[in-house]
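In: Structure, please.
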Amino acid sequence: MRPAAPINLDYAASTPLRPEAIAAERAFDASPIAGANPNSLHSLGRQAQARLEQARRALAASFGPRVRASEVVFTGGGTEAVALGLIGLATGVRMRDRERSRVIVSAIEHDAVLDNIGALRGLGFTVDTVRPRREGAVHAEDLEALMGPDVALVATMFANNETGVIQPVSKLARVAHAAGALIFADAVQGWLHAPFDVAELDVDALSVAGHKVGGPVGTGALYVRHLTPIRPLIQGGGQERGLRPGTQDLRAIVALEAVVSSLAPRVAADAVRVRALSDALYARLTAHPAIHATVGDPAAVDRLPGIVSVYVEGFESEELILKLDVAGFEVSAASACSSGSLDASHVLTAMGIPTELALGSLRISFDDRVSAADLDRFADVLLEIVS
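Out: Below you'll find the predicted structure:
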């Protein structure tokens with residue numbers, strides 16, 4: 001039976017705005033500092049600046065207890081944070097040491113990283129890629145084989161946006177730092193979905209985005225470790241330590257802070273509950289002989305709690321997505337759509353999954369707001385389609 005309203009199971013793409021964010025926006029609109037520039041010297045400007053720094057402290061705390069507020073740079077979203085972390089650190093390192101002109105990125109990065117490879121090469125960098133093993137994780141020894149004294153930066157995800165596999169970031173950081181390179185981690189997909197401490201990850205920079213956790217679209221941030229060499233992407237003002245010029249969108253930042261303050265204290269507990277939901281969904285789906293987990297054995301892989309990644313033999317993703325949409329369930333493919341046709345996911349093919357199987361992939365993603373009953377109904381429909 002089709003649900004009364006579509007059930008969104010594509011949270012890895014974007015998430016619904018949380019009530020905390022909506023309430024914070026309304027309260028801000030009614031406040032004296034609505035529309036005030038936090039960089040102005042008058043009293044309203046100073047009040048707006050104080051509110052901005054309150055939000056900065058909340059984000060810093062979500063990255064770990066030892067993170068300074070001054071290490072958080074607000075951006076206009078995750079993609080901008082990724083570009084600033086990737087290009088900003090690479091150029092910052094090279095200014096300090098001209099011999100360091102090589103960047104290593106994992107082959108399973110989001111397009112926000114991969115699409116900047118051309119820009120890095122245009123700036124004179126050589127870019128190499130390191131592939132994951134079959135389960136979807138990059139291994140430290142594979143990175144170590146590519147390292148050298150010319151490496152400026154290593155770029156890796158905290159967790160993959162298609163498979164949900166959490167990368168061994170601290171081990172990769174150890175390899176990078178041993179060779180004198182820096183490491184940047186894209187945590188857009190994992191922040192506030194799985195607990196982490198940037199001090200334990202030992203990264204030099206880390207990107208996040210608000211709309212992946214129920215905050216406003218167009219909000220993001222970059223953690224930059226104190227004294228890390230980094231260059232801005234654009235010029236035009238001294239805001240955000242000169243790293244991100246432009247007047248900050250305080251209204252959106254306040255809404256993001258409300259979400260962070262709500263989620264951060266309970267992220268570990270939420271992860272346990274959502275992981276149980278994904279485990280149950282994996283078990284139901286992969287009991288069918290035509291449905292397989294892209295990560296092999298889900299129980300043996302460190303992964304985000306709310307991403308279930310499968311491929312279905314004998315089907316293409318587009319066909320499954322459209323049939324599920326008609327039935328009232330919104331999911332996505334771990335594939336790229338180009339000119340109306342689906343191409344096999346670069347992530348799945350890098351993991352060694354054959355193209356013909358990767359073309360039948362599905363990504364089901366959710367957070368604490370999706371119920372077990374909704375997931376059970378989804379499984380019933382998908383199993384009926386496949387059977």
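In: mind listing the helices for the stretch 251-387 of the chain?
Out: 267-286, 317-326, 346-350, 355-358, 372-386 (DSSP state H, counting those that start in this stretch).
In: Now find how far off-centre the first one is within its chain.
Out: Pointing back at helix 267-286 there. Chain-centre distance of helix 267-286: 19 Å, with CA atoms, centre = their mean, to the nearest Å.
In: ok, now the fourth one?
Out: Distance of helix 355-358 from its chain centroid, counting by CA atoms, centre = their mean, is 24 Å.
In: got the CA positions of that helix in PDB?
Out: Listed next in PDB are the C-alpha coordinates belonging to helix 355-358 (Å, rounded to 0.1, in the frame of the first residue of the first chain):
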ATOM      1  CA  THR A 355      30.300  -2.300 -13.700                       C
ATOM      2  CA  GLU A 356      27.200  -4.400 -14.600                       C
ATOM      3  CA  LEU A 357      26.600  -4.900 -10.900                       C
ATOM      4  CA  ALA A 358      27.400  -1.400  -9.800                       C
END
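In: Not counting it itself, show me its contacts.
Out: Identification of contacts with helix 355-358 by CB atoms under 8 Å, 6 or more residues apart in numbering yields 292, 311, 313, 334-335, 344-345, 348-349. Quick note: C-beta positions are derived from backbone N, CA and C, even for glycine.
In: quick one: which of those residues is nearest Val274?
Out: Ala334 (19.2 Å; CB to CB).
In: Show me how the protein divides into domains.
Out: Domain segmentation of the chain under automatic domain parsing yields 7-16+267-386, 19-265.
In: Can you say which of the helices of the stretch 251-387 of the chain is packed in most?
Out: Across the helices of the stretch 251-387 of the chain, averaging neighbours per residue (mean count of other CB atoms under 10 Å) puts helix 346-350 on top, at a mean of 21.
In: Which strands and helices lie in contact with that helix?
Out: With contacts defined as 3 or more CB pairs under 8 Å, 6 or more residues apart in numbering; DSSP states H and E, the packing partners of helix 346-350 are helix 355-358.
In: pLDDT on the helix it packs on, on average?
Out: Taken as a whole, helix 355-358 has an average pLDDT of 96.
In: next one: stretch 80-88
Out: 98.
In: any idea how far that stretch is from the chain center?
Out: 13 Å.
In: Show me what it is in contact with.
Out: 73, 75, 103, 110, 112-113, 116, 119-120, 123, 153, 155, 184, 186, 188, 205-209, 220-222, 224, 230-233, 243-244.
In: rewinding a little: burial-wise, tell me which of the domains of the chain comes out on top.
Out: Most buried of these, by mean neighbour count (mean count of other CB under 10 Å): domain 19-265, with a mean of 20.
In: roughly how far apart are Val295 and Arg96?
Out: According to CB to CB, to the nearest Å, Val295 stands 39 Å off from Arg96.
In: Ser170 too?
Out: 24 Å.
In: again, but for His346
Out: Noted for His346: a distance of 32 Å to Arg96, by CB to CB.
In: picking that back up, could you export the helices of the stretch 251-387 of the chain to JSON lines, including columns for distance to Gln239?
Out: Shown next, in JSON lines, are the helices of the stretch 251-387 of the chain (distance: least, CB to CB, whole Å):
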{"stretch": "helix 267-286", "distance to Gln239": "29"}
{"stretch": "helix 317-326", "distance to Gln239": "41"}
{"stretch": "helix 346-350", "distance to Gln239": "35"}
{"stretch": "helix 355-358", "distance to Gln239": "43"}
{"stretch": "helix 372-386", "distance to Gln239": "42"}
